[in-house]
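Peer 1: Coordinates for the following, if possible.
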Amino acid sequence: MTEYPIVPSGDNVTRQVLADHPDLMVVAFEFGKVGAEGALHNHPHVQSTFVRSGRFRFTLGDEEREVGPGDSFVIASGMTHGCVCLEPGTLIDSFTPRRDDFL
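Peer 2: Numbers count the residues shown, from 1 in each chain. Purely as a prediction, here's the structure:
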């Protein structure tokens, strides 16, 4: 079993790959304080996000959505998205195919 490092992913945000395969990757993002951001971006991967803890305001294309523990959703390939932390916590993201840029 591979042990992946915890790496900075923004101001008060870290990411750690939990598991990977060429077809799928699971990543934990830790947001350490209110206001920490996952900057707006897009990528060719389909992404599923599960809120393990905390509260977040997500921008998904032209829509804004507030999510909390137990919520989950899918982000289509190429959709611009990002989030702002409203209460510190953890997001578990899955990507297909794998995000090679995270390795």
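Peer 1: What residues are bridge-paired with the residue nearest the centre of the chain?
Peer 2: For the chain, Asp93 is the residue whose C-alpha lies nearest the centre (C-alpha atoms, centre = their mean; 4.7 Å). Beta bridges link Asp93 to Val27, Thr49, judged by DSSP bridges.
Peer 1: Stretch 28-44: which residues count as buried?
Peer 2: Ala28, Phe29, Glu30, Phe31, Ala36, Glu37, Gly38 (16 or more other C-beta atoms under 10 Å). Heads up, the C-betas are built off the backbone N, CA and C, glycines and all.
Peer 1: contacting residues for Thr49?
Peer 2: Phe58, Val67, Ser72, Phe73, Val74, Ile75, Leu91, Ile92, Asp93 (C-beta atoms under 8 Å, 6 or more residues apart in numbering).
Peer 1: quick one: which of the residues you listed is nearest Val51?
Peer 2: Proximity of the contacts of Thr49 to Val51 was ranked by C-beta to C-beta; the top entry is Val67 with 5.1 Å.
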